[in-house]
Each structure stands twice: as structure tokens, then as C-alpha cells.
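Asks: Pasting a predicted model and its sequence here:
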Protein chains: 2
Amino acid sequence: MPDISERGKSMPESPIRKLVPYAEAAKAKGLEVYHLNIGQPDIESPTVALDKIRNLSEKVIEYSHSAGNESYRRGLAVYYESVGIQVSYEDILVTTAGSEAIVFGLMSCLNPGDEVIIPEPFYTNYNGFATMSGVKVTPITAQIDDGFSLPSMEEFEKSINENTKAIMLCNPNNPTGYLYSQDELESLRDFVLKHDLYLFSDEVYREFCYDGKKHFSAMNLEGLDEHVVLIDSVSKRYSMCGARVGTIVSRNKALMSTVLKYAQARLSPPSFGQIAAEAALETPASYFTEVKEEYVRRRDLVVETLNKMEGVFCPKPSGAFYVIARLPIDDCDKFCQWLLEAFSHEGKTVMLAPASGFYATPGLGKDEVRIAYVLNTEALTQAMKVLEIALKEYPGRTI
Amino acid sequence: MPDISERGKSMPESPIRKLVPYAEAAKAKGLEVYHLNIGQPDIESPTVALDKIRNLSEKVIEYSHSAGNESYRRGLAVYYESVGIQVSYEDILVTTAGSEAIVFGLMSCLNPGDEVIIPEPFYTNYNGFATMSGVKVTPITAQIDDGFSLPSMEEFEKSINENTKAIMLCNPNNPTGYLYSQDELESLRDFVLKHDLYLFSDEVYREFCYDGKKHFSAMNLEGLDEHVVLIDSVSKRYSMCGARVGTIVSRNKALMSTVLKYAQARLSPPSFGQIAAEAALETPASYFTEVKEEYVRRRDLVVETLNKMEGVFCPKPSGAFYVIARLPIDDCDKFCQWLLEAFSHEGKTVMLAPASGFYATPGLGKDEVRIAYVLNTEALTQAMKVLEIALKEYPGRTI
């Protein structure tokens, strides 16, 4: 029997999805499980996108151009202009969701053995993509007590070595919800220029900024045209996670030519998804106003309720639809499993994401969980009630 | 300005797609271009699949399970049984087209530096996926004069070394159309067992077998349950290249667990495509009967016409929808470019795929082209006429 490859063995398991069997078992027992563990919003996809799919006139579902349909790329250039980012459609390549954009970006910019600095906690799947690419992730720890703001440039300086080729930032951040300020990004700009690095900016939550704060894109950092690689996706913007349509955007022509070679190898991004995504460009502004109001209500509810619980601390972030909370627990992996396996309140329980999985430094985040506020306020109210009771009953409670 | 990675630089350009600008220029001049260069069939996708998409009831386009929707995987198990392959739905993982299945397979089975033996000429993008995975392709040359049958086991023995971990076979073959016999596959089976290799079997053209010949799947080779990795896709079967839905299938449990980790990193295959692909499982048998009859008409027309041209030789393959023809030309890359750039007949020209791009051994295939018979017989008749005249006018003609 032939062996599994070493890299296959080193590929990380999803720390969230490994809880799935416990959730399935809980449901099989008849429990209602509130899913606050993944970024699958309950928000409806824009009607304009779904209608386009329902009115499909194509008779053959053909390959698109490897870089994506030109009409869609041109539409995206107009969209980016509307959010203050000036790019030509030739700077845009359509990918199979943000995931593929990250893989193409990492492979085009970094060699096996090169390093990418990422503030932690960070989106777990960056680890998977780095492993696929043979790239090492160097974490720099952001602090919950600072609301997960950008670590100081001194921290970045300490982490750099001759193999460091890039920085990856998710803004607004998954899993922390933190929205990086223009000032923070400008300090990072100087660091990037000084060390001639790539800056990967994952801005898939761009639309979800609250409290009157505005998103500042890394694409608008002066002097970084050759350095910034924008990662984007329609998954969250239009609540179309299943469409699998993303983009990689850069003004670096040599980079985009390289990315195109990876895109050509896999021939085409999904055609149905592109049709829906192009139609979604016509989504009325009112859609986002309503969605944002809804998310603010949810965030406020979750953050306020959490901070009233004994021993719980949850910073109030200004973006995305996640919060990280510190809980009075011994071990978040055990706690999240216990919630599904051994706990229920009035036939209900909650599924959370253990924050340990979002840290690359072993041992960090053990008393933290990520909560995705992707359910309506009524469900969230119930889920918070269940969590509060669970925290009182949990055998590994630390207070 | 930061550098492009070495691996990005070594990523091959698509030899077909680099002709695209010439085709675009030809069309801009007002020429009609017969596209015989790519495997994009003109065959309509099954109505049952398109209707399902048009009747979409979902309001949120959600992620699917990372392994694909369970209902679709169960449906696929029934489909495989119908073509004589016994697998459980748990042996099947849904991928973003065959491309992703190959990448996940290579990464799970081979380490960087390992080698995969592939009979050449072979599907060019295998090179791209191997480069992405840091895997070396070792070609073994199949001969046009033998109709591109499987090279002898002596040839395989000569090519093996301590880094060889796998063999990749496309059956029926793209680009040659060759359908491997059960005998050929059984001789390969002994070789695979002897050297404890993986056998990747790309069977995306399974439905397209002619002349009463039956497809024999590598999945039915005895004693290879742990070795065979089936690569599959709905792209050609249902003429849904743009759906981007494929599968990786294996009875090797350790392998499928590893593949799942790659699948989890990218969260989900495309949801729209999966909905269409699941509905396509209900495609009536008459669809394939008609499509096969049409392809046989086209193949016969192309092969007969080609072999009547002076200095041309084209074996008559029993599968897929490609042929490779030997032409009386000095250099197929120059010839294919010349067809688009400098030639026309009555306002028409043809776009072909230079076969040089399908060989990994430098210098081979220089007088060969691949012709995809993906146009109707009327268009093919015209295209063959244009090609015949072009061969007489071409300055690099060798007879």
C-alpha cells in the first residue's frame, strides 16, 4: 500500500469542522443547535443575483475565460471605483472564491520555505493554504485587551528574517472583527516598503464596517502598487458563499501574468457563480444598509450580553460579523465539544469555534471562542441564554 | 519591487491559450475562425440540469459540505454503479472540476521532488498541476504509428526510479482519443503492484467510447483498491465545462481523509454547479446515444478527410473527441500561428492545438496537431477544406 505524502499528513484538519460529528450527534439526539461557529450568514442573497440565475438563457454551460468573464471583470472595476479603489479590469482576475485567490497569490509570490507574517488570531484556513504552498506562517500576536488592534511595528521587526516575503492581513478581520485604521495601515506601509515585501490584503468583509467608521483599503496605500495583492470574494458581500467566486487584484503586472498561468491550468472559474456575481453588482444600496443595520443589532446584542456574564470579556469590534470572547473556561476545545456532547438547556445548545484554532502560537487562545453573529436576534438571544447557563454548569469553569 | 517566486516563473504558460491573441486579431480583421483547438463541446447541456437551475428555490447560496452535498455524493455512487464501478458515497469527494481533483490527489500522494510517469502526448495542464505541486513529470512516449496505444512495460520499467510514486493515465485519452483496453490496463496493474505506486486514472471522457468498445475503469483492476485514484468531472459528460464540478474517488480511506483536509481548507465546491450536476444524474440515456452518434459522425468525417490529404496521417481513435494528426509541416507552433495570423480562405481560417505542447520530451510532436471535433459536421467539413488549402499554401510545408 503506497504512503500518504508527508505534506498531506502535515495538512491541518479544520479545527471547527472536527466538531461537526459532535454537532450531528447532538441533532440526532433531538437537540436544537445554534450555529455560531461558522461564517455562513443567514442573510438572503440579493434577489437580482438569484433572478439572473433563474432566467438563465444559456444552453451550454461553457468555460469562461481563465481570468473570468471580461464583462464581469469590467463590472468589478466599476464596483471597486465605487468603493474608492482605482483599478483597471486587467488588474482583476476572477478566482474560485477567495481561497483560490490566496493559493494563487502565495504560489506566485513565495517559494517553498519562504515566510509570511500574519497577526494572530487569524483565519484558520490561511494555515492550510500555507501548507499547500510549502510556506511558513510567522504569527505576531494581537491582544484581546487591545481589541486585537495591529501589533506594533517593533513586533513586526522582531519577526522578520531573510525568508520573510509577505504580510497577510484580513481587514475587517476574521476572526476578531477588528477594523484596521488608516494610521495602522500606513505604519505597515512603511514596514512593507522598507523590507520590500508583498502585502496580501484580504478584504472580503469590506462592506461590513460599523459605527460610522470607513474601510481603508490597502490598495490605497501610496507607493505600494507593486506590493499589494488584494484578496476578495462575493461570499460574504452578497451572502453567496456557495457561488465560489472571488478575485485577486493587483497593479503589479508581472504578478498578474504569473497568476494567469495558474488560472489557465485550471481553465475557468465557475460560470454559474460568475453570472450570479455579475448580476449582484446591481444590488441596490438599500440591501447593504439593511444588512449592516441587522449586523449592528446582532453585534450589540452579543457583545452586551457577553460582557454581562460573569468572568466574560468581549471587545466590541467595528467590522465583519465575528467577535472573540474570553470565557472563564479551562480549554475552549474541550468546552466547545462539551457543549455539543454533554450539555443542553431546554433541548438547546450552541456550537462555537474554539479560538485556539485561530492562533498559530501553541497554547494561546485557550480561554477564547469565536462567535459568528450569523443568526437573527431572537435566535442569538436564546443562544446567549444557553451559553450563560452552560458557563455555570461547565465542569472546567475557572471561576 | 518584490520578486515573482521561482515556482511562479516556472509555471508553464498554456500552449493553446498563448494563441488566443492571434485568434482575437483574426476575428477583429473580420475572419471566421473554426475553433478546433479546445475541448469545449457545442453539445447542449442536459435540459434536466438547466431546468433545475432555472427553478432554483434557495434564497441563500450557502456553502455545501466540504466533501460536496451528501445527496449528490449518494447520487454519484448510484451513477458509478450504473457504469460498473462499485463505490460507497464515502469514497467520493466532490471537487471544483477535475483540475482540483488532480491537485488534491497529487498533493496527498506525492511530496515535492517525487515523480509521476505519464504517457505522452498528455493533457498539457497536468504539467501545470505538477509544477504547482512540485512534482516531476516523467514522460513515456506513445507512438502515433501505433495509434498511441500504451507504451510497453519495458518502457515503464526503464523510467522508474526511487522517486517514482505514481502513474497518471487519461482514459479515453485527451489529446489522442485512444481508448485503453482491459489487457493494457491489466499489464499496468501488475507494474503498479510490483512498485507499490498510485495509479491516477482520469476518466472524464468515460461516456465517449465508440465502435462498440466498452470502457474499462481502473477502479475495476483487482487488488488496486489502495492504489487507484479516479479523477472525474461533469464537464464533458454533460457538456457543463463551466459548472466546475468534478470528483476524486478512491477506496483508500487514508487517502480520502487526507484529501478531505485539502477540501476543508477551501471550504466548499461550487453550489450552483453541484445542483446542476445532481440534476444531471437524471439525464436520459437517449441523450448519450445521440451525443455519441454525433461524435462518431464527426470523428469519421475528420479522420477520413484528413487521411485523404497529401502527407497527412491520422489514426482513428475509439474515444473522447480528439484526434492527433501528423501533418507535412516544419513546426506546428509556427503553423498554428500562421493559420491565424497570415492565412485565410474565403474569409475563414481554423484554430488548432499544436501537439508539441502535449509532449514533455522536447522536440517531439513538432509535425502534429490536436483537433477537437467539437463543431457540427457542416462546420467541420468547411474547417477541413480550409485546412487542406492551408497545408498547400503554408511556407513551411515539408513535401
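Replies: On my side now, so go ahead.
Asks: measure stretch A:175-184 end to end?
Replies: Distance across stretch A:175-184, first residue to last, is 18 Å (CA to CA, to the nearest Å).
Asks: Need the residues that contact that stretch.
Replies: Residues from elsewhere that reach stretch A:175-184, judged by CB atoms under 8 Å, 6 or more residues apart in numbering or on different chains: A:121-123, A:142, A:147-150, A:169, A:171-173, A:209, A:213, A:215-216, A:299, A:315, A:317-324, A:353, A:355, A:358, A:370. Where you see a C-beta, it was placed from the backbone N, CA and C, and this is true even at glycine.
Asks: near chain B, which residues of the stretch 151-300 of chain A show up?
Replies: Proximity of the stretch 151-300 of chain A to chain B, by CB under 8 Å from any CB of the partner chain, involves residues A:165-166, A:196-198, A:226-227, A:239-244, A:252, A:254-255, A:258, A:261-262, A:264-273, A:276.
Asks: what's around A:Glu290, how many residues?
Replies: Using other CB atoms under 10 Å in any protein chain shown, A:Glu290 is surrounded by 12 other residues.
Asks: OK, contacts around the closest residue in space to A:Met11 that isn't next to it in sequence?
Replies: In this structure, A:Met11 finds its nearest non-sequential neighbour in B:Lys261, 4.3 Å apart by CB to CB, 6 or more residues apart in numbering or on different chains. Going by CB under 8 Å, 6+ apart, B:Lys261 touches A:8, A:11-14, A:128.
Asks: and of those, the nearest to chain B?
Replies: Within the set of the contacts of B:Lys261, A:Gly128 lies nearest chain B; the separation is 2.9 Å, counting by CB to the nearest CB.
Asks: so of the contacts of stretch A:175-184, which ones are in strands?
Replies: A:169, A:322-324, A:353, A:370 (DSSP state E).
Asks: Of all pairs in the residues you listed, which one is the farthest apart?
Replies: Largest separation among the ones in strands among the contacts of stretch A:175-184 by CB to CB: A:Leu169 and A:Ala353, giving 20.2 Å.
Asks: Have a look at those two and say which one is more surrounded.
Replies: When neighbours are counted by other CB under 10 Å, A:Leu169 and A:Ala353 differ, and A:Ala353 comes out ahead with 26 against 21.
Asks: who does the more buried one bridge with?
Replies: Taking DSSP bridges, one obtains A:Arg370 as the residues bridged to A:Ala353.
Asks: quick one: the strands in the stretch 101-250 of chain A?
Replies: A:115-120, A:136-141, A:164-170, A:198-202, A:228-233, A:246-249 (DSSP state E, counting those that start in this stretch).
Asks: Distance of the most centrally placed residue in chain A relative to chain B?
Replies: By CA atoms, centre = their mean, the mean C-alpha position of chain A lies nearest to A:Asn174, the distance being 4.4 Å. Noted for A:Asn174: a distance of 12 Å to chain B, by CB to the nearest CB, to the nearest Å.
Asks: Quick check: that residue touching A:Ile38?
Replies: No: assessed by CB atoms under 8 Å, A:Asn174 is found out of contact with A:Ile38, at 10.7 Å.
Asks: How many neighbouring residues does A:Leu199 have?
Replies: 23.
Asks: Could you tell me which helix of chain A is the longest one?
Replies: Among the elements of chain A assigned as helix by DSSP state H, the one spanning the most residues is helix A:285-308.
Asks: So which other helices or strands are in contact with that one?
Replies: strand A:322-326, helix A:377-393 (3 or more CB pairs under 8 Å, 6 or more residues apart in numbering or on different chains; DSSP states H and E).
Asks: What lies in contact with it?
Replies: The contact list for helix A:285-308, computed with CB under 8 Å, 6+ apart, reads A:43, A:46, A:177, A:207-208, A:210-211, A:239, A:312-317, A:321, A:323, A:325, A:371, A:373, A:375-377, A:380-381, A:384, A:388.
Asks: can you pull out the helices in the stretch 151-300 of chain A?
Replies: With DSSP state H, counting those that start in this stretch, the ranges of helices along the stretch 151-300 of chain A come out as A:153-159, A:182-195, A:253-265, A:271-280, A:285-308.
Asks: Distance check, the nearest residue to A:Ala142 once chain neighbours are set aside against A:Gly134.
Replies: Residue nearest to A:Ala142 in three dimensions, not counting chain neighbours: A:Phe148, with 4.4 Å by CB to CB, 6+ apart. Taking CB to CB, to the nearest Å as the measure, A:Phe148 and A:Gly134 are separated by 28 Å.
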